[in-house]
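> can't give you the sequence, but here's the structure:
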């Protein structure tokens, strides 16, 4: 993903993507490698990040844990975001059933969304399995 779009996500959802204030720094591949997919999935990632962020804001554990305890035991932290076998893979620490369901839906949606431009797409087989729209598939084929 482009650095500009990555920056937007990191700034909008620091509680998900910023490991610098925790002992889990070693676990954040997002900080090390960025978002390893095309710009077309930005809206999926943004929506998923917003959903997870809202789930964390309204989590019942916030009532009886200190902010430090919540951050270590409950707060979802994103470890890695990438494309694999043509679909989004979104790996987190501290998942709960609601977060896992949201991730599952986002990953499924990515298999129908062009990774390059965000238009409706489908899985395309070739040297690499990718989810692309017809236009991006034609452009990719021309470049090869």
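Okay, I see it. Since the structure is predicted, the reported quantities are computational estimates derived from the model, not experimental observations.

> any low-confidence regions in this protein?
Low-confidence segments of the chain, defined by pLDDT under 70: 19-29, 31-32, 141-144.

> where is the longest helix in it?
Criterion DSSP state H: the longest helix present in the chain is helix 42-57.

> so where do the strands sit in the protein?
77-84, 87-93, 122-124, 130-132 (DSSP state E).

> now find how far off-centre the longest one is within its chain.
On the basis of C-alpha atoms, centre = their mean, to the nearest Å, the separation between the geometric centre of strand 77-84 and that of its chain is 6 Å.

> contacts for the longest helix of the chain?
Applying C-beta atoms under 8 Å, 6 or more residues apart in numbering, the contact partners of helix 42-57 are 1, 5, 8-9, 12-13, 15-17, 35, 74-76, 78, 81, 88, 90, 92, 96, 98-99, 102-103, 106, 109-110, 113, 118. C-betas here are computed from N, CA, C, even on glycine.

> mind checking which of those are buried?
1, 5, 9, 13, 15-17, 35, 75-76, 78, 81, 88, 90, 92, 99, 102-103, 106, 109-110, 113, 118 (16 or more other C-beta atoms under 10 Å).
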